[in-house]
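Enquirer: Structure for the following, please:
(chains A and B)
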2 protein chains.
Amino acid sequence: MSSRGPYAKGIAKRREILDVALEVVARTGCRNATNKMIAETVGLSQTGLMHYFGSREDLYVEILRARDERDAAEFVTPESGIDGFIAIISHNAQVPGLVQLYVEFSAEATIPGHPAQAFFTERLAWMRRVLVSALRDHQARGELGPHLDLEQAAGLLIGAADGAQQQWLLDRTHDMEAQLRGLWRMIRQDSWQEGDR
Amino acid sequence: MSSRGPYAKGIAKRREILDVALEVVARTGCRNATNKMIAETVGLSQTGLMHYFGSREDLYVEILRARDERDAAEFVTPESGIDGFIAIISHNAQVPGLVQLYVEFSAEATIPGHPAQAFFTERLAWMRRVLVSALRDHQARGELGPHLDLEQAAGLLIGAADGAQQQWLLDRTHDMEAQLRGLWRMIRQDSWQEGDR
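Expert: Residues are numbered from 1 along each chain as shown, chains lettered A, B, ... in the order given. Okay, here's the model as predicted:
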């Protein structure tokens, strides 16, 4: 079976490395999670590790991509809508190393010409699409009124989530979930006008 | 007069360096604005520059501090309230280099033990106090209703501003001012309940 050939083995090894890297970064943070630490845990040399991930930037992008997939699988269902998004932000308080990686690396990647800029630009466009679609589903179910600029509401939710993570890294008493819930309540309220129901 | 002595001269030179650095960073971005460029513009060697600012981190902190002072002087009056805050965010679209510096350096500074962490932690606490006080003034003038968690609203405004800058760096069509105005409208609406007026 071709899925057991060398190519599939390479994919499986990449997957294993990512799972370990995700784990190590979540626990120790991206400054402390060295390539050496990740390589040793998966039984590779650092050169061997770089065979699977060409650069530090490549490894970080793939860690964040794997994390997005895992979060989506764990917290998002067709019905969860914006609550699924808030559940992910709430879960972030359990993985400070990943929040640190995301905040720092996404900021660094805004530099013109940065190798990870395309990833974050596409991720932002993808997040906007996902959230606009979730908001539209809420409207279809009558949980959200008709008076709402969906693009703006999606942008606000993304911005508030990014900003809440920055604040939380500086002040761990900052309640990211409460902040997002407050905004979501305001958005719902804003979507109705007198006479709608 | 002591204000003309060597100490005052040192302060004046620091001020001159900051003005130049602010200008150079705003124009070229913090990765491109080299110490060499700043030193040459103010007629100093790089060693001379480091006599006034001990490290890259120190210089960046002082640039951001000088920028906060300038923005406050230009856009904030006792009556401007949240509109003054939004005017600063709107003005940011004119100074991409400073936005880049702020986003990148504030993210980097969340690393435990970073030399600029105290500056950003204090700045966050200061911003919260300033915004809570501005919101309270809006309430006193009857422009904002009594039903509002002031701390939460301040946190949302700060988070939305930080998040909007991150989005804008990735997508220059993103309208930071519109996003903040949308949130401010929602906060005002949320502050009133039926029967308040």
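Enquirer: Mean confidence (pLDDT) on the helix or strand hosting residue A:40, please.
Expert: Using DSSP states H and E, residue A:40 sits in helix A:35-41. Average pLDDT, helix A:35-41: 84.
Enquirer: So which other helices or strands are in contact with it?
Expert: Helices and strands touching helix A:35-41, by 3 or more Cβ pairs under 8 Å, 6 or more residues apart in numbering or on different chains; DSSP states H and E, are helix A:6-28, helix A:46-52, helix A:56-75. Every C-beta, even on glycine, is put in place using the N, C-alpha and C of the backbone.
Enquirer: Which secondary structure elements does the second one sit against?
Expert: Contacting helix A:46-52 under the criterion 3+ Cβ pairs under 8 Å, 6+ apart are the following elements: helix A:6-28, helix A:35-41.
Enquirer: repeat that for 6 Å
Expert: helix A:35-41 (3 or more Cβ pairs under 6 Å, 6 or more residues apart in numbering or on different chains; DSSP states H and E).
Enquirer: who touches the helix it packs on?
Expert: Residues from elsewhere that reach helix A:35-41, judged by Cβ atoms under 6 Å, 6 or more residues apart in numbering or on different chains: A:20, A:21, A:24, A:46, A:49.
Enquirer: and the fourth one, how many neighbours?
Expert: Close neighbours of residue A:46, defined as other Cβ atoms under 10 Å in any protein chain shown, add up to 13.
Enquirer: Contacts only, for it.
Expert: Residue A:46 touches A:35, A:36, A:39, counting by Cβ under 6 Å, 6+ apart.
Enquirer: export the residues you listed to JSON lines and tack on neighbour count?
Expert: Listed next are those as JSON lines, based on neighbours: other Cβ atoms under 10 Å in any protein chain shown:
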{"residue": "A:35", "neighbour count": "15"}
{"residue": "A:36", "neighbour count": "11"}
{"residue": "A:39", "neighbour count": "20"}
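Enquirer: returning to what we had before: would TSV of the helices and strands packed on helix A:35-41 with mean pLDDT be doable?
Expert: Shown next, in TSV, are these (pLDDT from 0 to 100):
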stretch	mean pLDDT
helix A:6-28	81
helix A:46-52	87
helix A:56-75	91
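Enquirer: Looking at these, which is nearest to residue A:184?
Expert: helix A:56-75 (14.8 Å; Cβ to Cβ).
Enquirer: mind checking how far the helix holding residue A:40 is from the chain centre?
Expert: 23 Å (Cα atoms, centre = their mean, to the nearest Å).
Enquirer: and if you look at stretch A:137-152?
Expert: That offset, for stretch A:137-152, works out to 23 Å (Cα atoms, centre = their mean).
Enquirer: Would you check how far apart the most centrally placed residue in chain A and chain B are?
Expert: The centroid of chain A falls nearest to residue A:68 when counting by Cα atoms, centre = their mean (4.5 Å). Counting by Cβ to the nearest Cβ, to the nearest Å, the gap between residue A:68 and chain B amounts to 16 Å.
Enquirer: Could you do residue A:47 as well?
Expert: According to Cβ to the nearest Cβ, residue A:47 and chain B sit 27 Å apart.
Enquirer: do the same with residue A:42
Expert: 25 Å.
Enquirer: cool, and residue A:77?
Expert: Per Cβ to the nearest Cβ, residue A:77 is found 25 Å from chain B.
Enquirer: What is the neighbour count of that residue?
Expert: What residue A:77 shows, counting by other Cβ under 10 Å, is a neighbour count of 10.
Enquirer: Repeat that for residue A:106.
Expert: Other residues close to residue A:106 by other Cβ under 10 Å number 25.
Enquirer: tell me the contacts of the closest residue to it other than its chain neighbours?
Expert: Spatial nearest neighbour of residue A:106, chain neighbours left out: residue A:120 (5.4 Å); criterion: Cβ to Cβ, 6 or more residues apart in numbering or on different chains. Residues near residue A:120 by Cβ under 6 Å, 6+ apart: A:106, A:109, B:170.
Enquirer: any idea which of the residues you listed is least confident?
Expert: Within those, lowest confidence goes to residue A:109 (89).
Enquirer: thinking again about what came up before, buried ones among the contacts of helix A:35-41?
Expert: A:20, A:21, A:24, A:49 (16 or more other Cβ atoms under 10 Å in any protein chain shown).
Enquirer: Measure how buried residue A:100 is and give me the count.
Expert: Counted with other Cβ under 10 Å, residue A:100 comes out at 24.
Enquirer: Quickly find the element holding it.
Expert: helix A:96-108.
Enquirer: Over to residue A:142?
Expert: Secondary structure from DSSP H and E places residue A:142 outside every helix and strand.
Enquirer: What backbone torsions are found at it?
Expert: phi 70, psi 10 (degrees, to the nearest 10).
Enquirer: how far away is it from residue A:188?
Expert: The gap separating residue A:142 from residue A:188 is 11 Å, by Cβ to Cβ, to the nearest Å.
Enquirer: who has more neighbours, the two?
Expert: A count of neighbours by other Cβ under 10 Å puts residue A:188 above the other of residue A:142 and residue A:188, at 16 against 9.
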